[in-house]
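Visitor: please work out how this folds:
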Amino acid sequence: MKQTPVYFQEIFTTLNDVLGQKGYQSVFFLVDDNTHEHCLPLLLSEIHENILIEIIEIPAGEESKAIEIAVQVWETMSETQASRKSLMINLGGGMITDMGGFIASTFKRGIDFINIPTSLLAMVDASVGGKTGIDLNGIKNLIGTFAMPELTLIHPEFLQTLPEREFRSGLAEMLKHGLIHDKNHWLELIEIENFDFISIDYLIEKSVKIKQEIVEKDPFENGIRKILNFGHTIGHALESQLLQTENPLLHGEAISVGMMVESILSYENELISKDELDEIFTNLIRIFGKIPVDEESIPDLLLWMKNDKKNQNDHISFSLLDGIGKCKFDIFLSENQIVEGILRYNKKLEQL
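Guide: Numbers count the residues shown, from 1 in each chain. Okay, here's the model as predicted:
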């Protein structure tokens, strides 16, 4: 599966060029209520091609990443006579790009789509790499496809519309890219004192290129691409567990916990040093704060982990650090090891 281009400059010119060259019969913009208000007006004002445009808005939030919402979008597209010569433009965060890619890749066996991510998380992770998906029974991305967008357009100025908490959530994936593949990227990020879209502008492109490099080597996640799951075995379980509670975690917040627990597991398996473990904890806590895991929820977390797509023969699979800047995959750990890692994580929080 060939990687498609990601553009960081002159994105509106690029979009108009594509619309003019491809001859699409109609364009469907998939937005949520936030991007409809804050981002779509700018984008529409920059489109100069004379083309039929339909706007489909879905509610913001992970709860919308469900088959029921996908069916509603498919029905709307069918009612408005979308064809295989239609284009879907996904304008939003990771939920929109995951969901829109899935809807486009399955409608009439696949129509073209373009991702225009508006959150930091979507820019550096969800919109790049060809994974699409929806959640099922609370399990993240259980249903999905591998499908590449025609292109991805990144406009960092959209980050000005993000709440500070959402902005920090996206930092988790950038920090992960450094931890698993590029120590200098990690060091550049942790040297920043005040995070905003200006201070990390050039690092966004670097993070995207790290992910692209990994995906190009293994597009269907049969090998090295699995290192991108560092922090996600624990993190996805925690995110799913808390999704329906009064205090849900954002994706990046859950992944930050996952990276710290899985760093402990890396240390316990003699893959990283105590100094590296302390460096990871110090910086992730500085950015995301202390987020303890409710120890009574550990049995439920294990159940969520057992539903992870990467598992084999009921063994829970991890990608663990092999020093800062390197990572190993397909490491299968026992439930006792996982529980001990979570308990050590909570204890380490108390000591810091």
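Visitor: I'd say Ile56 and Leu30 touch.
Guide: Yes - the pair Ile56 / Leu30 is scored as a contact, 5.3 Å apart, by Cβ atoms under 8 Å. Glycine gets a C-beta too; all of them are placed from N, C-alpha and C.
Visitor: joint contacts of these two?
Guide: In terms of Cβ atoms under 8 Å, 6 or more residues apart in numbering, Ile56 and Leu30 are both contacted by the residues Val73.
Visitor: who has more neighbours out of those two?
Guide: Set Ile56 next to Leu30 and count neighbours by other Cβ atoms under 10 Å: Leu30 wins out with 25 against 17.
Visitor: give me the phi and psi for the more buried one.
Guide: Taking degrees, to the nearest 10, you get phi -100, psi 120 for the backbone angles of Leu30.
Visitor: over to Asn141?
Guide: phi 50, psi 40.
Visitor: for it, what are its contacts?
Guide: Here Asn141 is in contact with Asp98, Lys131, Gly133, Ile134, Asp135, Lys309 (criterion: Cβ under 8 Å, 6+ apart).
Visitor: strands - which of those residues land there?
Guide: Ile134, Asp135 (DSSP state E).
Visitor: so which residues of this structure form strands?
Guide: 6-7, 26-32, 52-58, 86-92, 112-117, 134-136, 139-143, 151-153, 316-321, 327-333.
Visitor: list buried residues within the contacts of Asn141.
Guide: Asp98, Lys131, Gly133, Ile134, Asp135 (16 or more other Cβ atoms under 10 Å).
Visitor: so who does the last one touch?
Guide: When the contact criterion is Cβ under 8 Å, 6+ apart, the partners of Asp135 are Glu62, Lys65, Ala66, Asn141, Leu142, Ile143.
Visitor: excluding chain neighbours, what is closest to the fifth one?
Guide: In space, and not counting its chain neighbours, Leu142 is closest to Leu136: 4.2 Å by Cβ to Cβ, 6 or more residues apart in numbering.
Visitor: can you show me the helices along the stretch 1-150 of the chain?
Guide: 11-22, 33-38, 40-45, 67-79, 94-106, 120-121 (DSSP state H, counting those that start in this stretch).
Visitor: cool, the stretch 251-352 of the chain as well?
Guide: Under DSSP H, counting those that start in this stretch, the stretch 251-352 of the chain gives helices at 251-268, 274-288, 298-306, 335-351.
Visitor: which elements pack onto the second one?
Guide: Contact analysis of helix 274-288 by 3 or more Cβ pairs under 8 Å, 6 or more residues apart in numbering; DSSP states H and E lists helix 164-181, helix 251-268 as its packing neighbours.
Visitor: go through that helix and flag the buried ones.
Guide: Buried residues in helix 274-288 (16+ other Cβ under 10 Å): Glu276, Leu277, Glu279, Ile280, Phe281, Asn283, Leu284, Ile285, Ile287, Phe288.
Visitor: how does the protein divide up, domain by domain?
Guide: Domain ranges of the chain: 6-161, 164-351, per automatic domain parsing.
Visitor: reformat the ones you listed as CSV; add mean pLDDT.
Guide: Below are these laid out as CSV (pLDDT from 0 to 100):
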stretch, mean pLDDT
domain 6-161, 96
domain 164-351, 95
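Visitor: find the centremost residue of this protein, please.
Guide: Centroid-nearest residue in the chain, with Cα atoms, centre = their mean: Ala126, separated by 3.7 Å.
Visitor: how about the nearest residue to it, chain neighbours excluded?
Guide: Once flanking residues are discounted, Ala126 sits nearest to Gly94: 3.3 Å by Cβ to Cβ, 6+ apart.
Visitor: what of Leu301?
Guide: Counting by Cβ to Cβ, 6+ apart, the residue nearest Leu301 is Ala237, at 4.6 Å.
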